[in-house]
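Peer 1: My questions are about this predicted structure, shown below with the sequence.
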Amino acid sequence: MSNPGLLQGGRRRRRAGGVLALALALLIPAGGVGAAVWVALDEETTSPTRVPVATASPPPPAAPSAPEADDAAVDLDSVDAFHLRFRKPPRAGMVFDLDSGEVLWRLNAERQLPMASLTKMMTALLVAERTRPRERVRITRAALTYRGSGVGRLPRGRRVPIEALLHGLMLPSGNDAAIALAVHVSGDEGDFVDAMNRRAQELGLECTRFVSSHGLEAGNRSCAADLAELARLDMRQFRIRRV
């Protein structure tokens, strides 16, 4: 059962197989909150892509408290505000208002697909919710035995500022930073992944399932509707928004 409050009217989930990558063009200019955001799932794009978006006034500098699940709802009952034509359409996608949650356009918004590095949206959320900005993270062997993209040259056995790793997580999409943060928060990555899945359940994100903190595996799955809600939660965390 979905959380009826989360999506302002409820929604029906659709499942789909296949190994696809998910790309997010979640480009918030300096203004941040109030922007229109594009979330797309495409089999060829594997890294974030910048697109021009309109933005409202800059957010206040104070760090807000974590919002309730209902506050992050996207309204799937609205009518599309415009239509788009693609030479090669994505498998799924959504354009929504980051401030109000109003959906402006959608395509297979509840189709479950692999989400690749957008996994790090939940990793960042848990870090922001469960740590303090002045903490330092000890770099363990686990963080240095990663695959795929990484910050690189993390000093084994040394402690580094957690905010530096948060930047490394979200800007170069560092898989090593994701593992280091997961171990710091939960003791090991497996326990952190359990926490990610519990948080997704608390938020009513029924499309979403995690098997790692970084998303390299196809087992990390979600849909555009869930990712829109997760994006709204992330952008209400000052530590994430400023990165």
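Peer 2: Structure received. Keep in mind the model is a prediction, meaning the values are calculated, not measured.
Peer 1: Okay, now the unreliable bits of this structure?
Peer 2: Residues of the chain meeting the criterion pLDDT under 70: 1-70.
Peer 1: can you give me the helices for it?
Peer 2: 120-130, 141-144, 162-170, 175-186, 189-202, 224-234, 238-242 (DSSP state H).
Peer 1: how about those in TSV, adding mean neighbour count and distance to residue 212?
Peer 2: For every residue, glycine as well, the C-beta is placed using N, CA and C. As requested, these are exported to TSV (neighbours: other CB atoms under 10 Å; distance: least, CB to CB, whole Å):
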stretch	mean neighbour count	distance to residue 212
helix 120-130	23	9
helix 141-144	16	12
helix 162-170	21	13
helix 175-186	26	8
helix 189-202	17	6
helix 224-234	26	16
helix 238-242	17	20
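Peer 1: for those helices, which one sits closest to residue 104?
Peer 2: helix 224-234 (10.8 Å; CB to CB).
Peer 1: which helices and strands does that closest one pack with?
Peer 2: Packed against helix 224-234 by the contact rule (3 or more CB pairs under 8 Å, 6 or more residues apart in numbering; DSSP states H and E) you find strand 22-25, strand 36-41, strand 92-97, strand 103-107, helix 120-130.
Peer 1: returning to that earlier point: out of the helices of the chain, the one nearest residue 215 is which?
Peer 2: Nearest to residue 215, of all the helices of the chain, is helix 120-130, at 6.5 Å by CB to CB.
Peer 1: tell me, what residue is most central in the chain?
Peer 2: residue 121 (2.5 Å; CA atoms, centre = their mean).
Peer 1: Double-check it against residue 229; I have them as touching.
Peer 2: No: counting by CB atoms under 8 Å, residue 229 is not a contact partner of residue 121; they are 10.3 Å apart.
Peer 1: buried sites along stretch 85-93?
Peer 2: 90-93 (16 or more other CB atoms under 10 Å).
Peer 1: Now render those residues as a markdown table, adding distance to residue 71.
Peer 2: As requested, those are arranged in a markdown table below (distance: CB to CB, whole Å):
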| residue | distance to residue 71 |
| --- | --- |
| 90 | 27 |
| 91 | 28 |
| 92 | 24 |
| 93 | 23 |
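Peer 1: Mind picking the two most distant members of those residues?
Peer 2: Every pair of these checked by CB to CB; the farthest is 91 and 93, at 8.1 Å.
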